[in-house]
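S.K.: Just the structure for this:
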Amino acid sequence: MQSHLLQSPIRLENDRALLLPFEDARNEELKQIIFHDEIWKYMGLFIRSEGDFDRYIESTLRDKEKGICYPFIIIDKRTNRVAGSTRYGFLNVPREKCEIGWTWYGLDFQGTGLNKACKYELLRFGFESIGFRRIQICTDQENLRSQRAIEKLGAHKEGILRSNYIDSEGTSRNEVYYSIIREEWQDVKNTHFKAFTNPTAP
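M.R.: Prediction:
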């Protein structure tokens, strides 16, 4: 496993999406899209003020410094606008696994295909360059839209973890877990990501 890559600047890109390390100066542009409660409904917190925003930036970079995660800001290449954020989280180098998550998009970018473009780059780099054996993805049990999006990636649904996190109002929430493992990746890539592996195909 090439875990040293997580200590260096990672830039991921395809025709639709550009993912830059979260500390890039463009993270300030997140302010233009971040202040909508609808974005944060299933995220366990809300970003409603400049103070919330500053704490979000600081905590994300602090968790990266601790080696807990590797966060990105997302650029929509069609518009050159900052569209949201995602990360490799729960990094577990000894067990060669991680979770893709903490993903959010501004309202203008939801349902546009940008998410699949980002997930492709994260999965490709995670399996083919870093060398993870397992990449998991989870979402709130009530977030049916997110579950449908994850299933379109070819991820295997593993089950529900009850009371797996506490939201900003102190309520215990259930999460649905999915995964892709190394042995499945090439088939998932060829089946579910044809637009990226063969962009000229009809």
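S.K.: CA atoms for contacts and neighbours, from now on please.
M.R.: Fine.
S.K.: What ranges does the chain have for its helices?
M.R.: Ranges of helices within the chain are 37-40, 50-65, 114-125, 144-151, 182-192, 194-197, based on DSSP state H.
S.K.: so what does the fourth one touch, helix or strand wise?
M.R.: Pointing back at helix 144-151 there. strand 134-140 (3 or more Cα pairs under 8 Å, 6 or more residues apart in numbering; DSSP states H and E).
S.K.: Note down every partner strand of the strand it packs on and its orientation.
M.R.: strand 97-105 (parallel), strand 172-181 (antiparallel) (DSSP bridges).
S.K.: Deepest-packed of these, please.
M.R.: strand 97-105 (a mean of 20; mean count of other Cα atoms under 10 Å).
S.K.: Can you list the low-confidence ranges for this structure?
M.R.: Along the chain, the model assigns pLDDT under 70 to residues 199-202.
S.K.: sorry, back to before: just so I know, which of the helices of the chain lies nearest W104?
M.R.: Taking Cα to Cα, helix 37-40 is the member of these nearest to W104, at 6.6 Å.
S.K.: contacting residues around that closest one?
M.R.: Outside helix 37-40, the residues that touch it by Cα atoms under 8 Å, 6 or more residues apart in numbering are 46-48, 104-107.
S.K.: gap between that helix and the chain center?
M.R.: 16 Å (Cα atoms, centre = their mean, to the nearest Å).
S.K.: Can you list the buried residues in it?
M.R.: 39-40 (16 or more other Cα atoms under 10 Å).
S.K.: Let's see that helix as PDB, backbone CA atoms only.
M.R.: Taking C-alpha atoms only, helix 37-40 is exported to PDB below (Å, rounded to 0.1, in the frame of the first residue of the first chain):
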ATOM      1  CA  ASP A  37     -29.900  23.800   5.800                       C
ATOM      2  CA  GLU A  38     -31.000  21.300   3.100                       C
ATOM      3  CA  ILE A  39     -27.300  20.500   2.400                       C
ATOM      4  CA  TRP A  40     -26.700  19.600   6.100                       C
END
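S.K.: quick one on the thing from earlier: can I get the strands paired with strand 134-140 in TSV including distance to Y56?
M.R.: Formatted as TSV, the strands paired with strand 134-140 follow (distance: least, Cα to Cα, whole Å):
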stretch	distance to Y56
strand 97-105	12
strand 172-181	21
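S.K.: Convert the C-alpha atoms of stretch 91-105 to PDB, please.
M.R.: What follows is stretch 91-105, C-alpha atoms only, in PDB (Å, rounded to 0.1, in the frame of the first residue of the first chain):
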ATOM      1  CA  LEU A  91      -8.100   6.300   7.300                       C
ATOM      2  CA  ASN A  92      -6.900   2.900   8.500                       C
ATOM      3  CA  VAL A  93      -3.500   2.200   7.000                       C
ATOM      4  CA  PRO A  94      -2.700  -1.100   8.900                       C
ATOM      5  CA  ARG A  95      -6.000  -2.500   7.600                       C
ATOM      6  CA  GLU A  96      -5.700  -0.800   4.200                       C
ATOM      7  CA  LYS A  97      -9.100   0.700   4.200                       C
ATOM      8  CA  CYS A  98     -11.000   4.000   4.300                       C
ATOM      9  CA  GLU A  99     -14.400   5.600   3.900                       C
ATOM     10  CA  ILE A 100     -15.300   8.000   1.200                       C
ATOM     11  CA  GLY A 101     -17.700  10.500   2.700                       C
ATOM     12  CA  TRP A 102     -18.400  13.800   4.400                       C
ATOM     13  CA  THR A 103     -19.500  14.700   0.900                       C
ATOM     14  CA  TRP A 104     -21.700  17.700   0.200                       C
ATOM     15  CA  TYR A 105     -22.600  19.800  -2.900                       C
END
